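**Student:** I need the structure of the sequence given here:
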Amino acid sequence: MPLADMTHSTDAQNSDSHNCPELDLVSTMMLTVMDSVSDGIFVLKPASKGEFLITAANRTLAGFMQRGLNGKLLSDVLAPEEYRRIQAVLRMVGRQCQSRCFKTEVTIAGHQHQIRLRLEPQCSNGKSQAYVGIVKVMTQTVKMQQENRDLRNRFAASFEHAPYGVSFLQPCHKPVMVNRALARTLNRPVQSLKEQSFESLIHPDDREMFKQALRKVFTGERTYDGIEIRLLCGDGGFVWVAMSLSLTHYGRDDMRYVIMQTLDITSRKENEAELMRLATQDHLTGANNRLVFDRKLRDAISNAQRYNRKGAVLFVDMDHFKQVNDTFGHKVGDAVLKATVNVVSGILRQTDTFARIGGDEFAAILEETDEAKAEIKAQEVREAIAGLKVPVKDQWLDVRASIGVQVFDGADADLTADDIITEADQAMYRQKFASKERAAV
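**Tutor:** The predicted model follows:
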């Protein structure tokens, strides 16, 4: 069967295919073969007024011509002078029913290309019914070659000297390309980065998130722009980066790669952490501040009301603290406050909240604690503070504190944080004035 009869562009073909399923299969296989070769292939059939109709063209030729060709007249595809040259050869080949191979020039997008064209006539009864053309590009213009070189050089320069990290990840998650910025950020040689799966460079706490994100990008579900993740450095530390992930295809095999871009945001994350610390910690002692205490107390009250639990607040006031400042100076007073935070923090549970809420005033929130346990904990705190010895020149300063306790539970729906603080404060003053060896309740 002639190749020209195996296209999908003619009415006869479409008609025959309904009666001959094998023809559809052969045609499909032939077109697949045409698309798999590196040379341009096309099929022409004579049309009216001496024209020639392109009934089939493979992807290589369509890419070279930078346009779709099927169903086009040859005169619409070529410049007039180029068409006349090829038309003359077609007529000669048709008359002689013999193939012809020759060189000619065609103009594509304003650039001239030299091609080698082979025309094979498809003859029947001594008459050409169609023509098969095979095109091989012989040359490119110097301008296009230079443009391609410039493009490659610009890409290489942009890739290597980009201020942010760039890498191309294969489906196996190994980088096929890594730029210098990423190597500098991770303090690792470029070659070592290309020899291992990038997952091994992700902080263990972020690794699963990275794997899930990479899977979604490779499957085309989505892209990511600026997810924050930690990467492990060659010196054993880690850096925070804002990572962007997107999918690309490259090469004749349409290989999939994920373009990964990383921007070092470690300084920003450290600044955020410092701002958070300043917003939530007492600058002198490192304990929680009043803002954190109020929020935690509201949460504790809410939990007590929701789950019918009990809790308590310890209100701690340092005895004779003004006298300490006046007599020994504020540095000694600061040392007393710091020592108090250290010793009390060691007694309380991790689930408890301890905060400095005033100059020499502290408070602790004990969740899921009844009255008896709160009294015991208050006594432990008082004894621990009384056991402090703060050095002052050649002597030791004894430290004392008064502690008030206020218990709360979920029975009172109108209970507020201010009510609890007020009651605990008053209990502390009763204990201070009574000078008893226990916490007042």
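
**Student:** report the contact partners of Leu119.
**Tutor:** Residues in contact with Leu119 (Cβ atoms under 8 Å, 6 or more residues apart in numbering) are 89-90, 93, 99-101, 131-133. The way it works is simple: take the backbone N, C-alpha and C, and place the C-beta from them, glycine included.

**Student:** out of those, which comes closest to Ser36?
**Tutor:** Nearest to Ser36 among these, counting by Cβ to Cβ, is Val132 at 16.1 Å.

**Student:** not counting sequence-adjacent ones, nearest residue to the closest one?
**Tutor:** Of all residues not flanking Val132 in the chain, Glu120 sits nearest, at 4.4 Å (Cβ to Cβ, 6 or more residues apart in numbering).

**Student:** element containing that neighbour?
**Tutor:** Element membership for Glu120 (DSSP states H and E) is strand 111-124.

**Student:** sheet-wise, list the partners of that strand with their directions.
**Tutor:** Pairing partners of strand 111-124, with direction, according to DSSP bridges: strand 100-108 (antiparallel), strand 127-137 (antiparallel).

**Student:** in the stretch 151-300 of the chain, where is pLDDT below threshold?
**Tutor:** 251-254 (pLDDT under 70).

**Student:** all helices for it, in order.
**Tutor:** Taking DSSP state H, counting those that start in this stretch to define them, one finds helices in the stretch 151-300 of the chain at 180-186, 190-194, 207-218, 266-280, 290-307.

**Student:** out of these, which comes closest to Ile108?
**Tutor:** helix 207-218 (35.4 Å).

**Student:** give the buried residues for that closest one.
**Tutor:** Neighbour-count burial for helix 207-218 flags 210, 213-214, 217-218 (criterion: 16 or more other Cβ atoms under 10 Å).

**Student:** still on that earlier bit, buried residues of the strand holding Glu120, list them for me.
**Tutor:** Of the residues in strand 111-124, 113, 115, 117, 119-123 count as buried by neighbour count, 16+ other Cβ under 10 Å.

**Student:** and if you look at stretch 325-345?
**Tutor:** For stretch 325-345, a neighbour-count test (16+ other Cβ under 10 Å) marks 325, 328, 332-333, 335-337, 339-341, 344 as buried.

**Student:** same deal with stretch 279-290?
**Tutor:** 281-282, 285, 287-289.

**Student:** same thing with stretch 250-268?
**Tutor:** Quick answer for stretch 250-268 (16+ other Cβ under 10 Å): 256-265.

**Student:** sorry, back to before: any idea which of the helices of the stretch 151-300 of the chain gets closest to Gln350?
**Tutor:** Evaluated over the helices of the stretch 151-300 of the chain, closeness to Gln350 peaks at helix 290-307, with 13.2 Å, by Cβ to Cβ.

**Student:** what's in contact with that closest one?
**Tutor:** Contacts of helix 290-307 (Cβ under 8 Å, 6+ apart): 279-281, 288, 309-311, 313, 353, 355-358, 363, 365, 367, 408-410, 413, 415-417, 420-421.

**Student:** and of the buried residues of strand 111-124, the nearest to Ala386?
**Tutor:** Closest approach to Ala386 among the buried residues of strand 111-124 (Cβ to Cβ): His113, at 96.2 Å.

**Student:** identify the bridge partners of the closest one.
**Tutor:** Applying DSSP bridges, one finds that His113 bridges with Val106.

**Student:** element containing Ser75, please.
**Tutor:** Assigned by DSSP H and E, Ser75 belongs to helix 74-77.

**Student:** which neighbouring elements make contact with that helix?
**Tutor:** Contacting helix 74-77 under the criterion 3 or more Cβ pairs under 8 Å, 6 or more residues apart in numbering; DSSP states H and E are the following elements: strand 52-57, helix 80-96.

**Student:** got the domain ranges for the chain?
**Tutor:** As recorded under automatic domain parsing, the domains making up the chain are 3-140, 161-269, 281-434.

**Student:** please identify the most buried of these.
**Tutor:** domain 281-434 (a mean of 17; mean count of other Cβ atoms under 10 Å).

**Student:** what's the end-to-end length of that one?
**Tutor:** When the termini of domain 281-434 are compared using Cα to Cα, to the nearest Å, they are 33 Å apart.

**Student:** use 46 as the first number from now on
**Tutor:** In the new numbering, first residue 46, that becomes domain 326-479.

**Student:** now it, how far from the chain's geometric center?
**Tutor:** 44 Å (Cα atoms, centre = their mean, to the nearest Å).

**Student:** so where do the strands sit in the stretch 246-395 of the chain?
**Tutor:** Assigned by DSSP state E, counting those that start in this stretch, the strands in the stretch 246-395 of the chain fall at 269-277, 283-295, 300-309, 355-363.

**Student:** I'd like the ones you listed written out as JSON lines, with distance to Leu98 added.
**Tutor:** Formatted as JSON lines, those follow (distance: least, Cβ to Cβ, whole Å):
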{"stretch": "strand 269-277", "distance to Leu98": "48"}
{"stretch": "strand 283-295", "distance to Leu98": "33"}
{"stretch": "strand 300-309", "distance to Leu98": "37"}
{"stretch": "strand 355-363", "distance to Leu98": "89"}
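
**Student:** of all these, which one is nearest Arg394?
**Tutor:** If you check each of the strands of the stretch 246-395 of the chain against Arg394 by Cβ to Cβ, strand 355-363 wins as the nearest, at 12.3 Å.

**Student:** quick one: strands adjacent to the closest one?
**Tutor:** Sheet pairing for strand 355-363, using DSSP bridges, gives strand 406-412 (antiparallel), strand 446-454 (antiparallel).

**Student:** could you export the ones you listed as TSV, including distance to Gln215 and mean pLDDT?
**Tutor:** Shown next, in TSV, are the strands paired with strand 355-363 (distance: least, Cβ to Cβ, whole Å; pLDDT from 0 to 100):
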stretch	distance to Gln215	mean pLDDT
strand 406-412	51	95
strand 446-454	60	93
